[in-house]
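A.B. asks: Quick one: sequence plus predicted model below, questions after.
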Amino acid sequence: MQVIFAVTDFARSVEFYEQAFGWPRNRRIDYRNYVELLPPDGGSLGLFQREAYAGMVGAEPAELDEGRVAPAYLYVRVDNLDATLARLEAAGARSLNPPADRSWGERAAWFADPDGNVVAVAQRVAETAAA
């Protein structure tokens, strides 16, 4: 599966996701206005400069007012939630919902990236206890 986010400041967004997750770039697909990052479990996260995104899909992405977020989110399972939370905070993520044990057996937290795209990070509770 692939998720693509429209981003306003392309360089800032690439730096944010590389700092937060450390995923390598797909070197076969690395353009001046689009890059794909490759999570270890497969799939990819594409970051597409906003105007180029609009041209590709044929519609302007919604403008988000300050403090608002996108209506969908990327859910990422990680091996070390605490380390990932620290990297997200260092990268400048805006905390939305703090880490907590969730009823589905994971400890999860939600953040917004610089463009208001929402990212949830989670670790299975059994893994959290073992870490």
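C.D. replies: Great, that's in hand.

A.B. asks: where does residue 62 fall, phi/psi-wise?
C.D. replies: phi -60, psi 140 (degrees, to the nearest 10).

A.B. asks: can you pull the contacts of it?
C.D. replies: residue 70 (CB atoms under 8 Å, 6 or more residues apart in numbering). All C-beta spots, glycine's among them, are computed from the backbone N, C-alpha and C.

A.B. asks: Can you pull out the low-pLDDT segments for the chain?
C.D. replies: Across the chain, residues meeting the criterion (pLDDT under 70) sit at 127-131.

A.B. asks: quick one, strands of it?
C.D. replies: Per DSSP state E, the chain carries strands over the ranges 2-7, 25-30, 34-37, 44-49, 73-77, 94-101, 106-112, 118-124.

A.B. asks: Quick one: closest of those strands to residue 83.
C.D. replies: Closest to residue 83 of the strands of the chain is strand 118-124 (CB to CB; 10.0 Å).

A.B. asks: Paired strands for that closest one, with orientation please.
C.D. replies: Strand pairing for strand 118-124, determined by DSSP bridges: strand 73-77 (parallel), strand 106-112 (antiparallel).

A.B. asks: Redo those as JSON lines? Include mean neighbour count and distance to residue 55.
C.D. replies: What follows is these, written out as JSON lines (neighbours: other CB atoms under 10 Å; distance: least, CB to CB, whole Å):
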{"stretch": "strand 73-77", "mean neighbour count": "16", "distance to residue 55": "23"}
{"stretch": "strand 106-112", "mean neighbour count": "20", "distance to residue 55": "25"}
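
A.B. asks: Perfect, that will be all.
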